[in-house]
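Engineer: Structure, please.
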Amino acid sequence: MKLNENIRNFRRFRNMSQAELAAQISKSKSVISHWESGENSPDLDSCEKLCKILRVTPNQLFGWEENPDYIIHVRKMEKYQSDIDRLQEEIFNLQKQIENIETLKFQEQNPFVDDED
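Structural biologist: Numbering: from 1, shown residues only. Now for the predicted structure:
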């Protein structure tokens, strides 16, 4: 990953807003936004502060080495998303079944309604 993506991902992993991170390193929120969008990059002093605040090594911040805590987090999020996708599919199928049952119930209650209209 690129430095800008790592800054954003590690900040989110630590449940910090851009404004919170900016305050901790004495920068403006727009500076953080520019770093995360890749428009600018932090200087070495800011990188050192980012590492301390985000609790990562420089190698992890620059993407040269994986952060094990973050990898575990990402895998959990992927599992949760997979579970959500599966449950949404089940909900969709159940809704279809309910619609079919309601249609049959209506047809049984109204046997003289022409269902081909």
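Engineer: How confident was the prediction at K96?
Structural biologist: Note on K96: pLDDT of 95.
Engineer: can you offset everything so residue one is 5?
Structural biologist: Sure, I'll start numbering at 5, so the last one becomes K100.
Engineer: Tell me which helix or strand the spatially most central residue of the chain sits in.
Structural biologist: The centre of the chain sits closest to M81, judged by CA atoms, centre = their mean, with a distance of 7.8 Å. Element membership of M81 [criterion: DSSP states H and E] is helix 72-113.
Engineer: Next: S45.
Structural biologist: Counting by DSSP H and E, S45 is found in no helix or strand.
Engineer: What is the burial count for it?
Structural biologist: By other CB atoms under 10 Å, 13 other residues sit near S45. C-betas here are computed from N, CA, C, even on glycine.
Engineer: Distance of it relative to L108?
Structural biologist: To L108, S45 is 63 Å away according to CB to CB, to the nearest Å.
Engineer: hey, which helix or strand in this structure has the poorest pLDDT?
Structural biologist: helix 72-113 (a mean of 88; mean pLDDT, DSSP states H and E).
Engineer: Walk me through the domains of the protein.
Structural biologist: According to automatic domain parsing, the chain comprises the domains 7-70, 71-121.
Engineer: Return the most buried member of the ones you listed.
Structural biologist: domain 7-70 (a mean of 16; mean count of other CB atoms under 10 Å).
Engineer: just how off-centre is it within its chain?
Structural biologist: 17 Å (CA atoms, centre = their mean, to the nearest Å).
Engineer: looking only at pLDDT, what's the mean for it?
Structural biologist: For domain 7-70, the per-residue pLDDT averages 94.
Engineer: Show the end-to-end separation of it, please.
Structural biologist: 13 Å (CA to CA, to the nearest Å).
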